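> what follows is a predicted protein model with its sequence.
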Amino acid sequence: MEFEGIIRSIRFRAEDTGFTVATLDTEDGSISMVGKSHYIKIGDRVRIEGELTYHDLYGEQVSFTGIEIVKPTSEGEIIDYLSSGIIPFIGKKTAKKIVDLLGGGALDIIEEDPEVLLKIKGIGRKRLPHIIKALEGEKFIRETLFFFQKYGISPSISIKLHKKYGDRTIEYVKANPYSLISEVHSIGFKRADSIAMSLGIEKDSYLRIEAGLRYVLRNAYQQGHSYIGKDSLLEGTGRLLGLSDSLEDAFKDFLVKNYDVAISQDGSEYNVYLKYYIEAENYCARKLVKLSKEAKLPEEAFENVISQLEGEMGIDFAHKQKLAVINSIRNGVSVITGGPGTGKTTVINAIIRISTDLGLKVKLAAPTGRAAKRMTEATGHYAETIHRLLEFSFGDEEVGSGFNRDEDNPIEGDIVIIDESSMLDILLARSLLRAVSLGTKLIFVGDRDQLPSVGAGNVLADIIDSGVVSVTVLDEIFRQSKESMIVANAHRINRGEKPILNERDMDFYFLHRETEEGIQKTIVELLSGRLTNYYGIDPSDIQALTPMRKGFSGVNNLNKKLQEALNPPDDDKEETRQGDDIFRVGDKVMQIRNNYNAEYKVIRDGLVVDKGEGIYNGDIGFIQEIEGGIVKVLFDNERLVEYEFLNLDELTLSYATTIHKSQGSEFPAIVMAMGFAPPILANRNLLYTAITRAKKLVVLVGDEKNLIKMIGNTDIRKRNSKLDEKMRLLNEEK
């Protein structure tokens with residue numbers, strides 16, 4: 001049977017399989033529809049094919065096997081279509097003007113006589129040719145849209161693929177549907193495999209096995225590993241593909257045919273790497289050992305300098321702070337590590353002061369823009385992202401992208417200080433080390449007890465554990481920090497002790513809530529008024545944190561609830577939809593992927609004072625304007641970036657974010673959900689990282705039993721990395 005209507009509600013959708021339960025409003029009334037569709041949204045007009053079935057609990061349903069989105073017919077659908085981003089210069093307001101003028105036949109009228117759009121204020125002779133070109137191009141991509149929508153792939157993704165491959169898009173995907181995994185951020189192996197099966201690719205074909213091996217290998221990197229054991233790779237691939245036969249022969253072919261894959265023997269074990277990871281690991285080990293062996297300055301040379309500096313700065317350095325300063329200036333490579341309140345910034349300031357007095361040029365950098373900004377504020381000296389320090393440039397297809405600073409064009413500095421070094425992954429570490437010339441002193445500053453990098457490797461911990469470089473551990477909490485329960489409790493948690501809670505007039509509180517619903521409700525109340533009224537903290541300065549994306553108190557749910565409370569719909573606020581998310585003027589958003597070629601304008605006092613490139617994973621901003629298919633976002637109160645609607649998959653709402661995503665950031669206040677989380681996401685390391693994000697206030701909301709469990713869970717997944725071993729072996733060589 002065939003039905004057509006409007007999706008009125010989506011009652012359930014399984015993200016992995018796409019199984020969906022929705023309500024479809026037809027001319028004959030509402031029906032319940034069930035079937036697989038990764039991409040339909042409320043308000044879509046769809047045509048489905050399926051059978052009427054009866055469910056004991058839910059009654060009559062249509063079990064659909066075919067679904068397609070059809071041309072919009074109602075005025076509301078046409079407005080949504082015209083303002084979807086497919087057509088430039090047409091936002092929601094302009095789309096409404098078109099429909100008000102042309103009515104329900106707007107699309108047919110525009111197709112026949114596009115110049116009728118000149119009657120719309122804001123669409124002039126300059127813009128019209130671009131709109132006509134987009135409308136004509138839209139005809140050509142319909143075939144692509146219809147092909148992909150059968151597999152639950154959204155129109156925005158289909159359009160991106162069509163932009164890249166043009167008329168060859170369908171042919172390209174049919175030849176190897178597994179290529180979608182690397183091409184499309186939201187498509188994993190299961191969806192690509194489902195498309196492959198429907199196209200007739202055999203279950204035991206080499207194409208499928210190769211895709212499975214590569215997926216499991218890449219998944220290991222996404223979990224932070226630099227390599228995966230061969231046996232683990234084959235076992236994981238067999239489970240993924242549902243194949244019980246040996247994959248040894250296919251694995252041999254895989255190594256021969258894929259030149260970007262390498263295998264390394266470790267005793268009787270074999271480890272499988274993507275080549276650029278093993279090359280990065282080997283390079284980092286060699287360069288760090290070389291830098292560490294550079295001639296060391298005598299320790300005595302700094303004793304008088306430090307005494308003089310103490311007098312000038314009006315402080316008495318603790319023994320380990322003095323040691324950190326001396327070790328950093330006299331050694332080729334050094335590490336300063338310690339928790340909050342242990343004086344890392346004081347040490348950095350002392351190093352800068354002494355180095356400047358000695359005529360040495362100091363460069364400061366951090367992995368993220370927010371961390372670099374904090375470093376600038378704390379030291380009074382300019383700090384930049386590592387990407388900017390290395391002068392990242394986005395090239396074309398022939399030249400490619402890369403860093404301008406390398407062995408042939410090193411960083412112009414005598415001392416390079418890298419803050420938040422726990423965030424360094426092995427690939428970024430290699431790029432940094434390539435640009436550090438022998439004789440330049442490299443200082444890593446960070447807290448090894450925080451979460452490791454999002455990318456592969458365990459760089460800071462490996463450098464410390466290698467025993468090759470100078471390491472100073474700062475472990476004394478200083479007077480001004482002792483007054484903060486945030487600092488005191490961070491150290492208590494790190495020692496496995498229960499934090500001190502709810503001290504009057506302090507900065508660390510626990511609100512007991514037994515249910516997930518109660519946690520969610522309380523967090524929304526705190527951010528939408530309670531904390532502002534009591535502490536005077538602006539809602540934009542309060543960050544909700546949670547271990548998980550899913551669940552009642554997970555990121556996805558919290559963001560929707562917080563958006564409703566903090567930035568509700570308003571006739572004066574433009575908005576647009578991306579998948580199941582709504583972006584509205586005023587929304588707090590986060591960049592979720594590195595975009596090195598994104599252009600931004602630096603705005604101060606309403607004027608453009610500078611321009612630059614690069615917006616990075618974790619950057620937080622606020623939507624300033626939505627108009628003409630463009631969303632403007634202001635990051636860090638000064639960098640203005642424009643996003644086409646088709647690129648909104650780079651953004652997510654960020655009223656709430658995961659603790660992993662918050663790493664490297666600092667907020668005046670954090671509110672953390674303490675509901676149920678699986679053990680891998682409910683450990684001491686994660687909790688410690690969360691509370692050390694706050695400067696002025698921490699509020700934990702949930703069941704105290706979950707707090708105790710997190711403190712007691714020290715089971716952190718060990719990362720596969722060989723950097724420390726390789727450093728030790730190279731250091732022992734004569």
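Right, received. Where do you want to start? Here the structure is a predicted model, which means the values were calculated and not measured.

> can you map out the helices along the stretch 501-650 of the chain?
Taking DSSP state H, counting those that start in this stretch, the helices of the stretch 501-650 of the chain run over residues 516-525, 531-535, 555-566.

> can you redo those helices as a markdown table with mean pLDDT, distance to residue 643 and mean neighbour count?
C-beta here means a position set from N, CA and C on the backbone, and glycine is covered the same way. Formatted as a markdown table, those follow (pLDDT from 0 to 100; distance: least, Cβ to Cβ, whole Å; neighbours: other Cβ atoms under 10 Å):
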| stretch | mean pLDDT | distance to residue 643 | mean neighbour count |
| --- | --- | --- | --- |
| helix 516-525 | 94 | 27 | 20 |
| helix 531-535 | 83 | 29 | 14 |
| helix 555-566 | 93 | 18 | 20 |
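
> residue 351: which of these is closest?
Closest approach to residue 351 among the helices of the stretch 501-650 of the chain (Cβ to Cβ): helix 531-535, 35.1 Å.

> which residues of the stretch 601-734 of the chain score low on pLDDT?
Scanning the stretch 601-734 of the chain for pLDDT under 70 picks out 734.

> switch to 90 and redo it
604-619, 627-630, 636-638, 644-650, 660-666, 676-682, 695, 714-718, 732-734 (pLDDT under 90).

> just to revisit the earlier point, closest to residue 310 out of the helices of the stretch 501-650 of the chain?
Once the helices of the stretch 501-650 of the chain are compared by Cβ to Cβ, helix 531-535 is nearest, at 36.2 Å.

> and the closest one, what does it pack onto?
Here helix 531-535 touches strand 667-674, strand 694-702, going by 3 or more Cβ pairs under 8 Å, 6 or more residues apart in numbering; DSSP states H and E.

> could you say what helices and strands the first one packs with?
Helices and strands touching strand 667-674, by 3+ Cβ pairs under 8 Å, 6+ apart, are helix 516-525, helix 531-535, strand 542-546, helix 684-691, strand 694-702, helix 704-712.

> for this protein, list the residue farthest from the centre, please.
residue 304 (46.4 Å; Cα atoms, centre = their mean).

> got the CA coordinates for stretch 267-284 in CSV?
The C-alpha coordinates for stretch 267-284 follow below in CSV (Å, rounded to 0.1, in the frame of the first residue of the first chain):
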residue,chain,number,x,y,z
GLY,A,267,58.4,-9.7,20.2
SER,A,268,56.0,-12.4,19.2
GLU,A,269,53.2,-9.8,18.6
TYR,A,270,52.4,-7.8,15.5
ASN,A,271,51.0,-4.3,15.6
VAL,A,272,49.2,-2.6,12.8
TYR,A,273,49.6,1.1,12.1
LEU,A,274,48.4,3.6,9.6
LYS,A,275,51.8,4.6,8.2
TYR,A,276,51.6,8.3,9.2
TYR,A,277,51.0,7.3,12.8
ILE,A,278,54.1,5.0,13.1
GLU,A,279,56.1,7.6,11.2
ALA,A,280,54.9,10.3,13.6
GLU,A,281,55.7,8.2,16.7
ASN,A,282,59.2,7.4,15.4
TYR,A,283,59.9,11.0,14.5
CYS,A,284,58.7,12.3,17.9
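
> check which residues of it are buried.
271-274, 277-278, 280-284 (16 or more other Cβ atoms under 10 Å).

> so residue 293 touches residue 333, yeah?
No - with contact defined as Cβ atoms under 8 Å, residue 293 and residue 333 do not form a contacting pair (9.3 Å).

> more neighbours, those two?
Neighbour totals were compared for residue 293 and residue 333, and residue 333 leads with 25 against 14 (other Cβ atoms under 10 Å).

> quick check: the more buried one touching residue 469?
Yes - Residue 333 is in contact with residue 469 according to Cβ under 8 Å; the separation is 4.4 Å.

> list residues touching both of the two?
288, 292, 463 (Cβ atoms under 8 Å, 6 or more residues apart in numbering).

> out of the residues you listed, which is nearest to residue 28?
Using Cβ to Cβ, the shared contacts of residue 333 and residue 469 come closest to residue 28 at residue 463, 68.4 Å.

> give me the residues contacting stretch 473-491.
Taking Cβ under 8 Å, 6+ apart as the rule, stretch 473-491 contacts 318, 320-321, 324, 336-344, 347, 499-500, 503, 506-508, 688, 691-692, 694-695, 697-698.

> buried only: go through these for me.
318, 320-321, 324, 336-344, 347, 499, 506-508, 688, 691-692, 694-695, 697-698.

> just the residues you listed: which are in strands?
336-338, 508, 694-695, 697-698 (DSSP state E).

> for residue 385, what are its contacts?
365-369, 372, 614, 616.

> next: residue 55.
Taking Cβ under 8 Å, 6+ apart as the test, what residue 55 contacts is residue 61.

> list the beta-bridge partners for it.
Beta-bridge pairing of residue 55 under DSSP bridges involves residue 59.

> any idea how far it lies from residue 48?
17 Å (Cβ to Cβ, to the nearest Å).

> again with residue 458
With Cβ to Cβ as the criterion, residue 458 and residue 48 are 49 Å apart.

> now the stretch 401-550 of the chain, which segments are flagged as low pLDDT?
Across the stretch 401-550 of the chain (using pLDDT under 90), the flagged ranges come out as 401-403, 448-455, 475-484, 502-506, 514, 528-541, 549-550.

> at 70 what do you get?
Ranges of the stretch 401-550 of the chain meeting pLDDT under 70: 401, 479-482.

> deepest of the helices and strands packed on helix 531-535, which one?
Among those, the stretch with the highest mean neighbour count (mean count of other Cβ atoms under 10 Å) is strand 667-674, at a mean of 25.

> chain center to that one: distance?
Relative to its chain's centre, strand 667-674 lies at 19 Å (Cα atoms, centre = their mean, to the nearest Å).

> partner strands of that strand and their direction?
strand 542-546 (parallel), strand 694-702 (parallel).

> that one to helix 555-566, inter-axis angle?
120 degrees (axes from the mean of the first three to the mean of the last three Cα atoms, to 10 degrees).

> contact partners of strand 667-674?
Contact with strand 667-674 is made by 510, 519-520, 523, 526-527, 531, 535, 537, 541-547, 553-554, 558, 659, 662, 690-691, 693-704, 706-707, 710, as judged by Cβ under 8 Å, 6+ apart.
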